[in-house]
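1. Quick one, structure for this:
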Amino acid sequence: MAVAEQERQMVRAQARWVHSSARKARLVTDLIRGRSVPEARTILAFSSRAVAKDVEKVLRSAVASHARISTGRATTSSSPRPTPTRGRR
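-> Coordinates of the predicted model:
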């Protein structure tokens, strides 16, 4: 009897310039680590901690990144970035 193993893909997202301590954010992320996305969103929605809003934003970003990667839209641009113009010379 073969047991179907569910393969989990890992996506990493990072928040910058969040005005909260790492310890406070870690307390909330430990609550949702290893859970499914809908379950994690439910936990964050009912969390009384203010940093839960920031963690939820990062979760949404990670889900969007995963969706972009899995559809094959995540390609690196071969064209260089546009350079800002200096105005009239």
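2. Okay, now the unreliable bits of the protein?
-> Applying pLDDT under 70 to the chain flags residues 1-8, 74-89.
3. Find the residue at the geometric middle of it.
-> Geometric centre of the chain, nearest residue: A62, 2.6 Å, by Cα atoms, centre = their mean.
4. separation between that one and S48?
-> In this view, A62 and S48 are 23 Å apart by Cβ to Cβ, to the nearest Å. For glycine as for every other residue, the C-beta is placed from the backbone atoms N, C-alpha and C.
5. and if you look at G72?
-> G72 sits 40 Å away from S48, going by Cβ to Cβ.
6. try D30
-> When D30 is compared with S48 (using Cβ to Cβ), they lie 15 Å apart.
7. And the residue nearest to the centre of the chain, which helix or strand is it part of?
-> helix 51-70 (DSSP states H and E).
8. That helix: how far from the chain's middle?
-> Helix 51-70 has its C-alpha centroid displaced from the chain centroid by 3 Å (Cα atoms, centre = their mean, to the nearest Å).
9. tell me what that helix is packed against?
-> helix 22-32, helix 37-45 (3 or more Cβ pairs under 8 Å, 6 or more residues apart in numbering; DSSP states H and E).
10. And for that helix, what's in contact with it?
-> The contact list for helix 51-70 (Cβ atoms under 8 Å, 6 or more residues apart in numbering) reads 9, 11-15, 18, 20, 24-25, 28-29, 32, 37, 40-41, 44-45, 74.
11. When you filter those residues down to buried only, what's left?
-> Neighbour counting by 16 or more other Cβ atoms under 10 Å classes V18, K24, A25, V28, T29, I32, A40, R41, L44 among the contacts of helix 51-70 as buried.
12. Let's have the residues you listed in TSV, adding distance to D54.
-> Listed next are these as TSV, based on distance: Cβ to Cβ, whole Å:
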residue	distance to D54
V18	5
K24	10
A25	7
V28	9
T29	10
I32	13
A40	14
R41	14
L44	10
